[in-house]
Each structure stands twice: as structure tokens, then as C-alpha cells.
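Engineer: what's the 3D shape of this:
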Amino acid sequence: MNTETLESYTYKLTNSLGIRPCVPKDRLRELYDKKDFIVMMRYIQKTMELEDLEVLIELVDGSDDSDPDPAVAQIFYARYLPPYGSREFRNSSVLVHLEKKFLRYASFESIVATMAHELSHAILFSTGNELQKSEEATDITAMVLGYRDFFKQKSWYVEPVTTVKYSPEGGILTRMCKKMLNALDHFLKLRICNPGYLKKKEIRFVAKIIDEIVKNKNRD
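Structural biologist: Numbering: from 1, shown residues only. Sure thing, here's the model as predicted:
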């Protein structure tokens, strides 16, 4: 995405949503260390002021290993999400799927950024934002709502895919060869994943704009 579009998206979103202080990492890190991903999502939901929305969370097996760009998380909701804060909104629900393999292998920051991204979809749709269908704008929304530090530190991760193991039966030389094939097979069947939609340089560019807006407001 070019810098002009990124800048336009960032200003539109900060004007419509405001800018929230960066969310502290301590509590989320504590929950991550306990592998309590459900409560992590609940905490992020609270910081985004989405407590009135029923968020159902399921940990799922995920996509096929042959998919080079797996959807590590998804949010599902009705075609129409009622206006944020309305009575209908408080009676609405969304479903979030989190892939188990992603939660196992991704970094702390990547997991938090992904969770914040999915809930940002609900923010954009329930406020009728014109950028609601843009995944890049959804990343920016999560950054504006306090998760920019997590986005700046999220990273690529490597996960193993399903492998077919060779039988250990046979003589010593046969077993040695099969062990080598198993090791090579495991090495060759790794998938490198990059959660999110904005690239690193794009994240830094957006974060810089947000910081400048905050500094200018503090001067006024």
C-alpha cells in the first residue's frame, strides 16, 4: 500500500475513533505465559470498550497445511452489525476463531496484534466506518486503539506442517536412513507465516503518524 493511502487511512481513523494510549503489556504477558488465550481476548475486548458485545471464542484446528497463507484468525457476524452502543448492539454477538497452531508457534506480540485486529472489525462495522472492508485499515484501527506497540514488535513465525513418518523397522542401516529421511522431511515441511496485513515498514510509517498527532495535540 502506498504512503498516501496509508496516511489518508490513518487520519480518517484517528478523526473518527480518536487515539487511545498504548495498552500495557504486563497483564497480557501474564495471561500469555499461562496460555489463557480466551481471557487474553476478553481483556482486549474490555480495553476496546466492547464489553456490551457478546464475543464467542473458539480455538480451532485451522487451515489445511498446503495453504501458503493460512487464515490464523477469523471473526464471524451477521451481515448487519447494529450501531455501536445501541440496544441492538448489546444484544448482538460475534464469533472469533483462533487457530491452535498459530497460538502455539506465534510470538506474544503477534497473537495480541491478531486478536486486536479481529475485534477491530467489529468496531469498524458497528460504527459504519467507510473503511470497514479494508484489512489494512483494520490493522490501523487496532493500532489507533492502543495496540501499536504490539504491531511494531510482531514478527514472522515458523510452524511445522503435517509430515508422513517412515517406519523404523529394518536393520540398523535402514533405520539410520529412515531417521535421516524423517529429519529431512520435517525440515522441508516448515511453513513461514506472517500474521497481519501491514508490512513492517508500513506499520512503522503509521505509528510515526499517530505519534506525531499525539505530540501535536499535547502542544495545543
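
Engineer: Could I get the full set of strands for the protein?
Structural biologist: Assigned strands in the chain, in chain order: 54-60, 73-76, 93-99, 157-160, 190-193 (criterion: DSSP state E).

Engineer: Return the residues in contact with the closest residue to Pro21 other than its chain neighbours.
Structural biologist: Counting by Cβ to Cβ, 6 or more residues apart in numbering, Pro21 lies nearest to Gly146, which is 6.1 Å off, once chain neighbours are set aside. From N, CA and C alone the C-beta is placed, and that goes for glycine too. Contact analysis of Gly146 by Cβ atoms under 8 Å, 6 or more residues apart in numbering lists Arg20, Pro21, Cys22, Val23, Thr47, Met48.

Engineer: And Ile123, by the same measure?
Structural biologist: Leu17, Met48, Leu50, Tyr84, Asn129, Thr141, Leu145.

Engineer: need the residues you listed in a markdown table with pLDDT, can you?
Structural biologist: What follows is the contacts of Ile123, written out as a markdown table (pLDDT from 0 to 100):
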| residue | pLDDT |
| --- | --- |
| Leu17 | 96 |
| Met48 | 96 |
| Leu50 | 95 |
| Tyr84 | 93 |
| Asn129 | 96 |
| Thr141 | 98 |
| Leu145 | 97 |
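
Engineer: Can you tell me the centre-most residue of the chain?
Structural biologist: Taking Cα atoms, centre = their mean, the centroid of the chain lies closest to Thr114, which sits 0.9 Å from it.

Engineer: you'd agree it is up against Ala71?
Structural biologist: No - the criterion here is Cβ atoms under 8 Å, and Thr114 misses it with Ala71 at 10.4 Å.

Engineer: separation between the closest residue to Met1 other than its chain neighbours and Met143?
Structural biologist: Spatial nearest neighbour of Met1, excluding adjacent residues (Cβ to Cβ, 6+ apart): Glu136 at 5.5 Å. Using Cβ to Cβ, to the nearest Å, Glu136 is found at 11 Å from Met143.

Engineer: what do you get for Leu59?
Structural biologist: 25 Å.

Engineer: So between these two, which is more surrounded?
Structural biologist: Ranked by neighbour count (other Cβ atoms under 10 Å), Leu59 and Met143 place Met143 first, with 30 against 14.

Engineer: Identify the residue nearest that one in space, chain neighbours excluded?
Structural biologist: That would be Phe151: by Cβ to Cβ, 6+ apart, it lies 5.3 Å from Met143.

Engineer: which residues touch Thr3?
Structural biologist: Counting by Cβ under 8 Å, 6+ apart, Thr3 touches Phe205.

Engineer: That one and Ile111, how far apart?
Structural biologist: Relative to Ile111, and taking Cβ to Cβ, Thr3 is found at 28 Å.
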